[in-house]
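Trainee: Can you look at this prediction? I've put the sequence above it.
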Amino acid sequence: MIMRNKKTPAKASEEAAIKMKDVGSILWASDPQLHDALISAADVQAARSALLDLLAERESSLHSKDCTVHALERSNSLHCVRVMRNFLSPRNERVSATSVIQVLFDVSHGYCAEVHQAFVYDILHIMKGTTGEPVLELQEAPDFASLDGREGGRLRSDYLDGMAGAVEEWTARYPDGLEPSVVQRRKENRQRILDYLGADLNDWNDHVWQMRNVILTADVIGDLVELTDEEREAITLCASHRVPFGITPYYLSLMDREPSRRWDHAVRAQVIPPLSYVRAVLRSRSDPSASLDFMMEGQTSPVELVTRRYPMIAIFKPYNTCAQICVYCQRNWEVEGVLSEDAMAPAEKIDAAIRWFEGHPAVTEVLITGGDPAMLPNTQLRSLLARLAGVPHIKRLRLGTRVPVVLPMRIEAGFLDSISEVHDPPVKEFALVTHFEHPYEITPEAAAAVRSLRSLGISVYNQQVFTMENCRRFETVTLRSGLKGIGVDPYYTFNAKGKEETAEYRVPIARLLQERKEEARLLPGLSRTDEPVFNIPALGKNHLRAWQHHDLISITPRGERVYEFHPWEKNIAVAPTYVHRDVPIADFLAALADRGEDLEQYRSIWYYF
């Protein structure tokens, strides 16, 4: 059985199409043998055979005893051959509902007027990779192994100093919220907000006051920070159509007053949706066939409030609202609004869910999430945790919450007392999982909140979503280092889900793999403890670093790489695969260029599969 992601990125713009007369100067000039194989074929099947023969010839050369291609370039070339063979597989054409050879044949024979540049450039790079020519532009490293003892060690050390220095230069581009100038700017923001709301510092440090004053309208936000016309329109549409939206005064203080998004881009993007998002959500409401339940939690819920995808852990969702709403939230279809009065599940449903846990001794760990259950009053939170901890076979409770990021003053004495009562290693363990997205969110207040948790022996973990707002070179490295500095362990880095409404946030899987290999790998091991994953609807997490867990099987005429993901049960039990269309790499690079990035720094992205 094969599941498919039917959501696809936005359609190509006219500017992204390449006229046939230009393809020759781009694709055919790069690989004349490819053109010859295609143009000499009478039909698509003959073209398929000719291209398979060409790939076999190139692979044979790479395996020859006379092969002089550098071992690393050779390895990449063999990967490219494998990928192109996948593209030519009739089985993969059926599964992906697209045919690479058909597009190439039509283009070479002039049967179509234009083709999308994202398709052309991806095929160009992969086919060039099959030739064995140098495509990775690898740095020259000193031949320290040929030197004797200490001299080689010193040469190697000097070289590594240079690499570390380059990392420092990159990470210096991304200020965090602990830098003195940023701290001072935010103190000024805080005072401006307090003056506007007629409050004082004691109010500010009270999470109840913060929640009473969550900001819901563009007019109030616009009085406190400058908004662009698009931001104002998006917020206004949210308010008028009851699309969940809100910002805590604290989180608003993390935004810079002027709207350029030079530094606070991730903070604004986290809570201020683009117009495309709001319009997509509104369209889905008028479409009876549409579903925003991208993760198909309805199919993995044995009883209400419980989601189970794995053998020994399950999710419990007693509370379905938050201090504020993340734009790309996977459960935006369940959340009615910020601090909805009906957010707490009825007592009978909670009782039924806890009875389910009591009746399933295989489940030894519970992730309590929602919504954000940390927003529950302390008495309710304490009672809920105690009931779960009282189930003998439950050994660990996890609380999924963003309050350290958006409302750190919630981590106060009463909250700490509530969670400490269920933390008694090795009998019972309590852990907190939070969601920092960018170094700019790491503040003195967040650091103090984490410190108070760690002082109780409670581990704090971070789950990051890899988006356009944190995907630049070494941007996520900066986040990891900053989190470790305040006592948070990186846990997962999620590929942004392929939801239509959040298309502007999505990043190609190839970029996440590139970041892991070329950037995260340079950090000490304890700073890169996160695992890059793709969350398969209804099935669960797929570890992206292992090629054995997925296949790149095709690429659409639009330039979307098509992946077939394998379930975590692979080699254990029969389970369906999942087919996913990714963000075109060329589109992603164009978006980076719009943000001022030097695309040469990302040139190896085409070779991450």
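Mentor: Now that the structure is in, tell me what you want to look at.

Trainee: Could you confirm Val460 falls within a helix?
Mentor: No - under DSSP: H, G, I helix; E, B strand; the rest coil, Val460 sits outside any helix and is assigned strand.

Trainee: so what's it up against?
Mentor: Contacts for Val460 (Cβ atoms under 8 Å, 6 or more residues apart in numbering) come out as Pro404, Ala431, Leu432, Val433, Thr434, Val450, Leu453, Arg454, Gly487, Val488, Asp489. All C-beta spots, glycine's among them, are computed from the backbone N, C-alpha and C.

Trainee: try it again with 10 Å
Mentor: Each residue near Val460 by Cβ atoms under 10 Å, 6 or more residues apart in numbering is listed here: 404, 431-434, 449-451, 453-454, 483, 486-489, 491.

Trainee: which residue ranges form the helices in the stretch 451-600 of the chain?
Mentor: 475-486, 509-518, 585-594 (DSSP state H, counting those that start in this stretch).

Trainee: The second one: which residues count as buried?
Mentor: When you say that, I think you mean helix 509-518. By 16 or more other Cβ atoms under 10 Å, the buried positions in helix 509-518 come out as Ile509, Ala510, Arg511, Leu512, Leu513, Gln514, Glu515, Arg516, Glu518.

Trainee: before we move on, back to that, of the contacts of Val460, which belong to strands?
Mentor: If you go by DSSP state E, those have Ala431, Leu432, Val433, Thr434, Asp489, Tyr491 in strands.

Trainee: Now tabulate those in CSV and tack on pLDDT and neighbour count.
Mentor: Formatted as CSV, those follow (pLDDT from 0 to 100; neighbours: other Cβ atoms under 10 Å):
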residue, pLDDT, neighbour count
Ala431, 99, 20
Leu432, 99, 23
Val433, 98, 21
Thr434, 98, 24
Asp489, 98, 17
Tyr491, 98, 18
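
Trainee: thinking again about what came up before, kindly reformat the helices of the stretch 451-600 of the chain as TSV containing distance to Pro175 and mean pLDDT.
Mentor: Shown next, in TSV, are the helices of the stretch 451-600 of the chain (distance: least, Cβ to Cβ, whole Å; pLDDT from 0 to 100):
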stretch	distance to Pro175	mean pLDDT
helix 475-486	9	99
helix 509-518	20	98
helix 585-594	20	96
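
Trainee: pLDDT weak spots in this protein?
Mentor: Across the chain, residues meeting the criterion (pLDDT under 70) sit at 1-16, 20-21, 24, 289-295, 331-333, 336.

Trainee: and it, what are its domains?
Mentor: Following automatic domain parsing, the chain resolves into domains at 7-138+549-609, 180-285, 297-548.

Trainee: Minimum distance to Trp170: which of those domains has it?
Mentor: Closest approach to Trp170 among the domains of the chain is made by domain 297-548 (3.6 Å; Cβ to Cβ).

Trainee: Do a quick rundown of the helices in the stretch 101-250 of the chain.
Mentor: 117-130, 149-171, 180-197, 201-204, 207-212, 218-224, 229-241, 249-252.

Trainee: Mind giving me the packing neighbours of the third one?
Mentor: Counting contacts by 3 or more Cβ pairs under 10 Å, 6 or more residues apart in numbering; DSSP states H and E, helix 180-197 is packed against helix 201-204, helix 218-224, helix 249-252, helix 444-454.

Trainee: Please export the C-alpha coordinates of it as PDB.
Mentor: This file holds the C-alpha atoms of helix 180-197, laid out as PDB (Å, rounded to 0.1, in the frame of the first residue of the first chain):
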ATOM      1  CA  PRO A 180      23.500  43.400  25.300                       C
ATOM      2  CA  SER A 181      22.300  45.600  22.400                       C
ATOM      3  CA  VAL A 182      19.300  43.300  21.800                       C
ATOM      4  CA  VAL A 183      18.500  43.100  25.500                       C
ATOM      5  CA  GLN A 184      18.500  46.800  25.700                       C
ATOM      6  CA  ARG A 185      16.300  47.200  22.700                       C
ATOM      7  CA  ARG A 186      13.800  44.800  24.200                       C
ATOM      8  CA  LYS A 187      13.700  46.600  27.500                       C
ATOM      9  CA  GLU A 188      12.700  49.700  25.500                       C
ATOM     10  CA  ASN A 189      10.000  47.600  23.700                       C
ATOM     11  CA  ARG A 190       8.800  46.300  27.000                       C
ATOM     12  CA  GLN A 191       8.400  49.700  28.500                       C
ATOM     13  CA  ARG A 192       6.600  51.000  25.400                       C
ATOM     14  CA  ILE A 193       4.100  48.100  25.700                       C
ATOM     15  CA  LEU A 194       3.600  48.600  29.500                       C
ATOM     16  CA  ASP A 195       3.000  52.300  29.000                       C
ATOM     17  CA  TYR A 196       0.400  51.500  26.300                       C
ATOM     18  CA  LEU A 197      -1.400  49.000  28.500                       C
END
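
Trainee: Which residues does that helix contact?
Mentor: 175-177, 179, 199-201, 203-204, 209, 212-213, 215, 220, 223-225, 249-250, 252-257, 263-264, 439-440, 442-445.

Trainee: again, only this time at 7 Å
Mentor: Pro175, Asp200, Trp204, Asn213, Asp223, Leu224, Pro249, Leu252, Ser253, Leu254, Arg257, Pro444 (Cβ atoms under 7 Å, 6 or more residues apart in numbering).

Trainee: residues in contact with Ala218?
Mentor: Contacts of Ala218 by Cβ under 7 Å, 6+ apart are Leu227, Arg232, Ile235, Thr236.

Trainee: give me that answer again for 10 Å
Mentor: Here Ala218 is in contact with Leu227, Glu231, Arg232, Glu233, Ala234, Ile235, Thr236, Leu237, Cys238, Ala239, Phe245, Ile272 (Cβ under 10 Å, 6+ apart).

Trainee: Among these, name the buried ones.
Mentor: Leu227, Glu231, Arg232, Ala234, Ile235, Leu237, Cys238, Phe245, Ile272.

Trainee: Reformat these as a markdown table; add distance to Phe144.
Mentor: Shown next, in a markdown table, are these (distance: Cβ to Cβ, whole Å):
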| residue | distance to Phe144 |
| --- | --- |
| Leu227 | 55 |
| Glu231 | 53 |
| Arg232 | 58 |
| Ala234 | 55 |
| Ile235 | 57 |
| Leu237 | 60 |
| Cys238 | 58 |
| Phe245 | 56 |
| Ile272 | 51 |
